[in-house]
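Student: Predicted model follows, preceded by the sequence.
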Amino acid sequence: CTAEACSFRDANREMQKRGVVVLGVSADSIESHQKFADKYGLPYPLLADTDTTVSHLYGVWKEKNYAGKTYMGINRETFLIDKDGIVRKVWPKVQAAEHAQEVLEAIESLGL
């Protein structure tokens, strides 16, 4: 989602100040990710989970419906993981444009 990716791009400096690493994940190819990152000036890495291993491990590879079609795909979710690898918060549904700010607020409220 372009709005979500760009909201994290815009908040990246503040995230870095707090020691937060942003990582985008999708099943798209490395080449697709590179074009997307270049086009929108994304300063954080994008993981090409082309075999969906990571998506399965995080439980986000799910059945989806769009335009009357059912298919398998990545359900957009955000995971806030602390420095010890513990998932501290999960956002199963997000408002893309404001989402990075929500994550920053959670980082502050959790004292991360």
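Tutor: That came through, no problem.
Student: Quick one: residues contacting the residue nearest the centre of the chain.
Tutor: The centroid of the chain falls nearest to Gly24 when counting by CA atoms, centre = their mean (4.2 Å). Applying CB atoms under 8 Å, 6 or more residues apart in numbering to Gly24 gives the contacts Ala5, Phe8, His33, Leu42, Tyr44, Pro45, Leu46, Leu47. For every residue, glycine as well, the C-beta is placed using N, CA and C.
Student: Could you list the low-pLDDT ranges of this structure?
Tutor: Scanning the chain for pLDDT under 70 picks out the ranges 1.
Student: Show the residue spans covered by the helices in it.
Tutor: Counting by DSSP state H, the chain has these helices, from start to end: 2-17, 30-40, 53-57, 99-109.
Student: now those helices as a markdown table including distance to Thr78?
Tutor: Listed next are these as a markdown table, based on distance: least, CB to CB, whole Å:
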| stretch | distance to Thr78 |
| --- | --- |
| helix 2-17 | 9 |
| helix 30-40 | 18 |
| helix 53-57 | 14 |
| helix 99-109 | 6 |
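Student: Any chance of those in TSV with mean neighbour count and distance to Trp91 as columns?
Tutor: Supplementary listing: the helices of the chain in TSV, determined by neighbours: other CB atoms under 10 Å; distance: least, CB to CB, whole Å:
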stretch	mean neighbour count	distance to Trp91
helix 2-17	16	11
helix 30-40	13	21
helix 53-57	14	16
helix 99-109	16	7
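Student: Met72 is nearest to which of these?
Tutor: helix 53-57 (9.6 Å; CB to CB).
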